[in-house]
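Engineer: I'll drop the sequence and a predicted model, then ask my questions.
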Amino acid sequence: MWESVKCVQLYCEPLDLIHIVHKRNLDFFDGLFHTSNCVIRECFGLLRRSRRFKNLCNEYDVAICSESLCYNVFDMV
């Protein structure tokens, strides 16, 4: 059952710690983007203006669509 996954993992390069942290941050920000809580949504609006968020978006070519944040950390490794 696991043989096919092991073959794929052999050819995939694992993410280093920095990319894992960035991916987790982007996943968290995507969750904030989708929340129905108006307070959290307003906080995310303030966060979007921060330098840290803008640098992260520039590094991974994040596109903020009407539905979600579009990014792919794996392409930047």
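Structural biologist: Looks like it arrived, so ask away.
Engineer: quick one: average pLDDT of stretch 35-52?
Structural biologist: Mean pLDDT, stretch 35-52: 92.
Engineer: again but with stretch 66-77, I slipped
Structural biologist: Confidence for stretch 66-77, expressed as mean pLDDT, is 71.
Engineer: after the helix or strand containing Phe33, which helix or strand is next? Please name it.
Structural biologist: Using DSSP states H and E, the secondary-structure element containing Phe33 is helix 17-34. Past helix 17-34, heading to the C-terminal end, the next element that is a helix or strand (DSSP H and E) is helix 38-47.
Engineer: relative to helix 17-34, how tilted is that following helix?
Structural biologist: Calculated by axes from the mean of the first three to the mean of the last three CA atoms, to 10 degrees, helix 38-47 forms an angle of 130 degrees with helix 17-34.
Engineer: burial of Arg41, as a residue count?
Structural biologist: Other residues within reach of Arg41 by the criterion other CB atoms under 10 Å amount to 13. For every residue, glycine as well, the C-beta is placed using N, CA and C.
Engineer: give me the distance between it and Asn55.
Structural biologist: Note on Arg41: its distance to Asn55, by CB to CB, to the nearest Å, is 22 Å.
Engineer: partner residues bridging Cys70?
Structural biologist: Beta-bridge partners of Cys70, counted by DSSP bridges, are Ala63.
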